[in-house]
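In: sequence first, predicted model second:
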Amino acid sequence: MNRNLILSFETSCDETSIAVIEDGHTILSNIVATQIRSHQRFGGVVPEVASRHHIQQITSCIEEALNEAKVGYDDLSAVAVTYGPGLVGALLIGVTAAKTVAWAHNLPLVPVNHIAGHIYAANLEKTIEFPAMALVVSGGHTELVYMPAENQFEIIGETRDDAAGEAYDKIGRVLGINYPAGKQVDEMAHLGHDTFNFPRAMDKEDNFDFSFSGLKSAFINTVHHADQIGESLDKNDLATSFQQAVVDVLADKTIRAINSFPVKQLIVAGGVAANHGLRERLTQELKNMPTELRLAPLPLCGDNAAMIGSAGEMLFRHHVLSDEGLNAEPGLEFDYIEKS
Ligand code: KG4
Ligand code: ZN
């Protein structure tokens, strides 16, 4: 009997990742080669450095993923790849490698949107039930996505400026923390108190958009002002106050969204979904609500190819396919309702 095996590729930013997923749910392998240490000394991801690392690592990652899954090219049903959004040079490496494998082994090629991938990290734990809402929070994205049915996505709210993870990384730099700062700020936030009362951007209008630049500026101004007058501030209190403001806004808008749409599940995904403050707050808020909370498994919050394989399997079932003309789309939009 033919197995339903997807070989998936993720190279949109600073992780080279290849996975083999069976039936859309089972991870047979998920190789993630991170480049974070190469980018740390620059304080953020350097696109050219990222592309070079992807080129150097991708072939061995493919071999490792197939070996660990104990499968060969002939066992595969399809190849899935992130083609946007992301860094163009980084995306191109994954897209080119995936197209080559698909062409050489005569396999269908499934184009996957990176955000859909993040959402489908939850599907690797348990099948997503629709209608569903997803809060996608990462270094590049902060989005509320309404999914009335499988393969139907509608962005109902997004950030107007910085992404949540980006704000963490920027204020982390002011605290002297290496990129990416989110995890460490999260740890510090559990040791301090919310003493600074930073602004929360909750506009009166009934929309689901986010904004973190005012909070980021307030944070940076507070630290600079203290520096100028020679006052020392408690870094843990700063981290707690920042995190409290971020979590208040994310939780408030998300709860408002799930109260406005008839959803069975709330999925929380992306690098910032690993945030303990956010996980605890949403767990608390949804305790007495009918909506089921689906926090992405911690190891699958950051970029990885397993989530791309799971989304790829869903798209494959819906016959979403590409040919060798597939190109990287760095600014790929993510707002489509496709009739199944
Ligand atoms: O999803 P991801 O790996 O890459 C993108 O697609 O952007 O997200 C990375 C982001 C970084 O900004 C990082 O600082 C943030 O996720 N992050 C966190 C935590 N762990 C990672 N932010 C807050 N709390 C965390 N525990
Ligand atoms: Zn991502």
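Out: Sure, I can see it. Ligands and ions are numbered 1, 2, ... in the order given.

In: give me the nearest residue to whichever residue of the stretch 1-150 of the chain sits closest to ligand 2, chain neighbours excluded.
Out: Proximity of the stretch 1-150 of the chain to ligand 2 (C-beta to the ion) peaks at Ser138, 4.4 Å away. (C-beta placed from N, C-alpha, C; glycine too.) Spatially, and ignoring its direct neighbours in sequence, Ser138 is nearest to Gly270 (3.4 Å; C-beta to C-beta, 6 or more residues apart in numbering).

In: can you pull out the low-pLDDT segments for the stretch 151-300 of the chain?
Out: Applying pLDDT under 70 to the stretch 151-300 of the chain flags residues 203-205.

In: which bits of it sit near ligand 1?
Out: 165, 168-169, 180-183, 186, 270-272, 274-275 (C-beta under 6 Å from any ligand atom).

In: now the two most distant members of those.
Out: Farthest-apart pair in these is Ala181 and Gly270; separation 15.6 Å (C-beta to C-beta).

In: neighbour count for those two, which is higher?
Out: Gly270 (31 against 23; other C-beta atoms under 10 Å).

In: quick check: the gap between that one and Lys70.
Out: For Gly270, the distance to Lys70 equals 31 Å [C-beta to C-beta, to the nearest Å].

In: where do the helices sit along the chain?
Out: Ranges of helices in the chain, per DSSP state H, are 36-40, 47-69, 88-104, 114-120, 164-174, 182-189, 213-228, 235-260, 276-286, 305-317.

In: distance to Ala134 added to the ones you listed, as JSON lines?
Out: What follows is the helices of the chain, written out as JSON lines (distance: least, C-beta to C-beta, whole Å):
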{"stretch": "helix 36-40", "distance to Ala134": "25"}
{"stretch": "helix 47-69", "distance to Ala134": "26"}
{"stretch": "helix 88-104", "distance to Ala134": "22"}
{"stretch": "helix 114-120", "distance to Ala134": "5"}
{"stretch": "helix 164-174", "distance to Ala134": "14"}
{"stretch": "helix 182-189", "distance to Ala134": "19"}
{"stretch": "helix 213-228", "distance to Ala134": "23"}
{"stretch": "helix 235-260", "distance to Ala134": "10"}
{"stretch": "helix 276-286", "distance to Ala134": "12"}
{"stretch": "helix 305-317", "distance to Ala134": "12"}
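
In: can you lay out the ones you listed as CSV showing mean neighbour count?
Out: As requested, the helices of the chain are arranged in CSV below (neighbours: other C-beta atoms under 10 Å):
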stretch, mean neighbour count
helix 36-40, 14
helix 47-69, 18
helix 88-104, 21
helix 114-120, 27
helix 164-174, 23
helix 182-189, 20
helix 213-228, 15
helix 235-260, 20
helix 276-286, 17
helix 305-317, 28
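
In: and Asn4, which of those helices is closest to it?
Out: Ranking the helices of the chain by proximity to Asn4 (C-beta to C-beta) places helix 305-317 first, at 7.0 Å.

In: packing partners for that closest one?
Out: Helix 305-317 is packed against strand 5-10, strand 15-22, strand 26-34, strand 78-84, strand 109-113, helix 114-120, with contacts defined by 3 or more C-beta pairs under 8 Å, 6 or more residues apart in numbering; DSSP states H and E.

In: contacting residues for the residue of the stretch 1-150 of the chain closest to ligand 2?
Out: 118, 163-165, 270-272, 303 (C-beta atoms under 8 Å, 6 or more residues apart in numbering).

In: these: which two are farthest apart?
Out: Ala164 and Asp303 (15.2 Å).

In: residues in contact with stretch 225-238?
Out: With C-beta under 8 Å, 6+ apart as the test, stretch 225-238 has contacts from 171, 175, 188-189, 191-196, 219, 222-223.

In: between these, which sits nearest Pro330?
Out: Among the contacts of stretch 225-238, Ile171 lies closest to Pro330 (C-beta to C-beta), at 26.0 Å.

In: do you know how far that closest one is from ligand 1?
Out: Note on Ile171: its distance to ligand 1, by C-beta to the nearest ligand atom, to the nearest Å, is 10 Å.

In: report the contact partners of whichever residue of the stretch 201-340 of the chain sits closest to ligand 2.
Out: The stretch 201-340 of the chain approaches ligand 2 most closely through Asp303 (4.4 Å), counting by C-beta to the ion. If a contact means C-beta under 8 Å, 6+ apart, then Asp303 has 10, 12-15, 17, 32, 114, 138, 271 as its contacts.

In: mind putting those residues into JSON lines with distance to Gly89?
Out: Converted to JSON lines, these look like this (distance: C-beta to C-beta, whole Å):
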{"residue": "Glu10", "distance to Gly89": "15"}
{"residue": "Ser12", "distance to Gly89": "11"}
{"residue": "Cys13", "distance to Gly89": "11"}
{"residue": "Asp14", "distance to Gly89": "12"}
{"residue": "Glu15", "distance to Gly89": "15"}
{"residue": "Ser17", "distance to Gly89": "17"}
{"residue": "Val32", "distance to Gly89": "19"}
{"residue": "His114", "distance to Gly89": "15"}
{"residue": "Ser138", "distance to Gly89": "19"}
{"residue": "Gly271", "distance to Gly89": "21"}
